[in-house]
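Trainee: can you look at this prediction? I've put the sequence above it.
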Amino acid sequence: EPVSCADIAASDVWAQEWRDACLKEGIRACHSVPVAGPGERAVASLFLCFSEPRSPSPWELRLAELCARLVAIALDRDRGERALRQSEERY
């Protein structure tokens with residue numbers, strides 16, 4: 001499921017190590033969307049980072065969904081190409 005954090009510094013949900021790493025890099029808020037693989041299983045995450053504490057806008061939420069779909073298509077195509085190459089190498 002998509003997950004948002006409007007203020008990483010104020011959140012007690014994240015592990016201290018992760019929170020410190022984000023803040024060190026100037027990431028104050030984030031939104032993560034799963035990238036679906038075969039069988040709609042999550043195989044990766046698309047991570048939007050914001051430099052100020054805030055929630056993503058409706059446009060940014062939609063953009064993250066679309067980008068996650070594009071990543072899923074690219075990963076699926078890569079898997080197909082790898083399978084084809086392996087098949088060709090066997091023959």
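Mentor: Cool, got the structure.
Trainee: surely residue 53 meets residue 4?
Mentor: No - using CB atoms under 8 Å, residue 53 is not in contact with residue 4; the gap is 11.5 Å. Yep, even glycine has a C-beta here, placed from its N, CA and C like the rest.
Trainee: please identify which of the two sits among more neighbours.
Mentor: residue 4 (17 against 14; other CB atoms under 10 Å).
Trainee: distance of that one relative to residue 15?
Mentor: 17 Å (CB to CB, to the nearest Å).
Trainee: what residues of the helix or strand harbouring residue 30 count as buried?
Mentor: Residue 30 is part of strand 29-36, with elements assigned from DSSP states H and E. By 16 or more other CB atoms under 10 Å, the buried positions in strand 29-36 come out as 29-36.
Trainee: which neighbours do residue 53 and residue 4 have in common?
Mentor: Overlap of the contact sets of residue 53 and residue 4 (by CB atoms under 8 Å, 6 or more residues apart in numbering) consists of residue 29.
Trainee: what's the neighbour count on residue 80?
Mentor: Residue 80 has 10 nearby residues by other CB under 10 Å.
Trainee: now do the one 4 residues further on
Mentor: Other residues lying near residue 84 total 10 when counted by other CB under 10 Å.
Trainee: what's the answer for residue 91, then?
Mentor: Counted with other CB under 10 Å, residue 91 comes out at 4.
Trainee: again, but for residue 79
Mentor: 13.
Trainee: secondary structure element for it?
Mentor: Secondary structure (DSSP H and E) places residue 79 in helix 58-90.
Trainee: partner strands of the helix or strand containing residue 45, with direction?
Mentor: If you go by DSSP H and E, residue 45 is part of strand 42-50. Using DSSP bridges, strand 42-50 pairs in its sheet with strand 29-36 (antiparallel).
Trainee: run the angle between the strand it pairs with and helix 58-90 for me.
Mentor: Computed by axes from the mean of the first three to the mean of the last three CA atoms, to 10 degrees, the angle separating strand 29-36 from helix 58-90 equals 40 degrees.
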